[in-house]
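Chemist: please find the sequence and the predicted model below.
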Amino acid sequence: MAMAGNAEACLRGGIAKFCYGSSRSRVPRPSSFLVLQLAGYKQHRSFALQVLADRRNMESVMPVNTKANKLLSGDRLFQYVQAQVREPEILRTLRQETSKMRGSSMQVTPDQGQFLAMLARLMGAENCIDVGVFTGYSALAVAMVLPDSGYLVACDRSQESLAVAQRYFKLAGVCHKVDVRLGMAVDTLKELLVRGDAGRYDMAFLDADKRVYPEYYELLLQLVRPGGVIVVDNVLWHGTVADPSVVDTKTQSIRDFNKFLLHDGRIDYNLVSVGDGMSLCRKR
Ligand SMILES: C[S@@+](CC[C@H](N)C(=O)[O-])C[C@H]1O[C@@H](n2cnc3c(N)ncnc32)[C@H](O)[C@@H]1O
């Protein structure tokens, strides 16, 4: 029975990866031939068709090429969670535009955006930092709930994606609350420290190059106030952190960083499995 369950799980995962796999997937994507062989196509044809039908249903809620589809592809529970998000129209439009762009799978999922906005609200956050803006979903979700007296420093090295983000900041009427910084994010964070911003921020969201997480984290820990929170994205790295057979450098660096956070006495720590996994690090 357990074997049958595992077989179905493998089959479900295999077909789903075939249907939804993306270029950023850490797990090698099997060819369609291999998947169908694995599936024993004839016996499981109805299941495969069901997965494809699920995909079509999903697309009505989420465009195909998003981080979410890759994470929990074919998972009705995931779709249910997304359907519970009160996504503002402007964020929905941004998500749809981003879905047609290269790298669209980097975007946070709607429930992650809402989670960040909720956190900012709960904390009464005024000053925030977004490290890794891309087309602006996470930054905009937070900026929209900041008071007019607050601001968000938005860091990214890509002029092209920041241009999209800035267009949406304008559309949403939050430009006066967003300080856009084009350049290497480590340099920007160092500049903030030099100008005397240590301890000035309530919340920071870290979603840029994963191997530099330890350096970003040390800088952000100086920039947030005691009681402030650093939220780290992609700490489950599409689930590969839990698979000992995956030993590539990125996965390993995230595993190491998670282990480091677990034992860091400077913070209260909570890994939550929203999106691709987010760690909440509350500065003591
Ligand atoms: C995962 S995406 C961010 C997604 C974004 N939070 C959202 O909600 O759509 C990562 C972003 O980090 C940026 N990035 C990567 N390395 C960087 C660096 N060293 N300095 C600044 N930005 C960087 C990339 O250009 C990319 O736009």
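Modeler: Structure received. Numbers count the residues shown, from 1 in each chain.

Chemist: wait, residue 274 sits on residue 115?
Modeler: Yes. Using C-beta atoms under 8 Å, residue 274 is in contact with residue 115, at 5.2 Å. Where C-beta positions appear, they are placed from N, C-alpha and C, glycine not excepted.

Chemist: and the helices in the stretch 151-284 of the chain?
Modeler: In the stretch 151-284 of the chain, the helices defined using DSSP state H, counting those that start in this stretch lie at 159-171, 185-194, 213-223, 249-263.

Chemist: tell me what the last one is packed against?
Modeler: To tie it back to what came earlier, the one meant is helix 249-263. Where contact means 3 or more C-beta pairs under 8 Å, 6 or more residues apart in numbering; DSSP states H and E, helix 249-263 is packed against helix 213-223, strand 267-272, strand 278-283.

Chemist: out of the ones you listed, nearest to the ligand?
Modeler: With distances scored as C-beta to the nearest ligand atom, the stretch of the helices and strands packed on helix 249-263 nearest to the ligand is helix 213-223 (8.8 Å).

Chemist: and that closest one, anywhere near the ligand?
Modeler: No. Helix 213-223 does not reach the ligand (C-beta under 6 Å from any ligand atom); its nearest approach is 8.8 Å.

Chemist: chain center to that helix: distance?
Modeler: How far helix 213-223 lies from its chain's middle: 18 Å, per C-alpha atoms, centre = their mean, to the nearest Å.

Chemist: now do the same for residue 77: its pLDDT.
Modeler: Residue 77 is assigned 89 on the pLDDT scale.

Chemist: would you say it is within a helix?
Modeler: Yes. Counting by DSSP: H, G, I helix; E, B strand; the rest coil, residue 77 is found in a helix.

Chemist: I'd like the distance between it and the ligand.
Modeler: To the ligand, residue 77 is 22 Å away according to C-beta to the nearest ligand atom, to the nearest Å.

Chemist: run a quick neighbour tally on that residue.
Modeler: Applying other C-beta atoms under 10 Å, we find 8 residues neighbouring residue 77.

Chemist: got a list of what it touches?
Modeler: By C-beta atoms under 8 Å, 6 or more residues apart in numbering, no residues touch residue 77.

Chemist: how deep is residue 233 tucked in, by neighbour count?
Modeler: 25.

Chemist: doesn't residue 163 make contact with residue 136?
Modeler: No. With contact defined as C-beta under 8 Å, residue 136 does not count as touching residue 163 (9.9 Å).

Chemist: and those two? which has more neighbours close in?
Modeler: Ranked by neighbour count (other C-beta under 10 Å), residue 136 and residue 163 place residue 136 first, with 29 against 13.

Chemist: now do the nearest residue to the more buried one once chain neighbours are set aside against residue 255, distance only.
Modeler: Nearest residue to residue 136 in three dimensions, chain neighbours excluded: residue 165, at 2.9 Å (C-beta to C-beta, 6 or more residues apart in numbering). For residue 165, the distance to residue 255 (C-beta to C-beta, to the nearest Å) stands at 30 Å.

Chemist: who's more crowded, the two?
Modeler: Neighbours per residue, other C-beta under 10 Å: of residue 165 and residue 255, the larger number sits with residue 165, 25 against 18.

Chemist: and stretch 170-180, C-alpha only, in CSV?
Modeler: Below are the C-alpha coordinates for stretch 170-180, written out as CSV (Å, rounded to 0.1, in the frame of the first residue of the first chain):
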residue,chain,number,x,y,z
LYS,A,170,3.8,55.2,-10.4
LEU,A,171,0.5,53.5,-11.3
ALA,A,172,-0.1,52.6,-7.7
GLY,A,173,0.7,56.1,-6.5
VAL,A,174,3.5,55.1,-4.2
CYS,A,175,6.5,56.7,-5.9
HIS,A,176,6.9,59.1,-3.0
LYS,A,177,7.4,56.1,-0.7
VAL,A,178,9.9,54.2,-2.7
ASP,A,179,13.6,55.0,-3.0
VAL,A,180,14.8,53.0,-6.0
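
Chemist: thinking again about what came up before, could you redo the helices of the stretch 151-284 of the chain as JSON lines and give each row distance to residue 80?
Modeler: Shown next, in JSON lines, are the helices of the stretch 151-284 of the chain (distance: least, C-beta to C-beta, whole Å):
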{"stretch": "helix 159-171", "distance to residue 80": "27"}
{"stretch": "helix 185-194", "distance to residue 80": "34"}
{"stretch": "helix 213-223", "distance to residue 80": "31"}
{"stretch": "helix 249-263", "distance to residue 80": "27"}
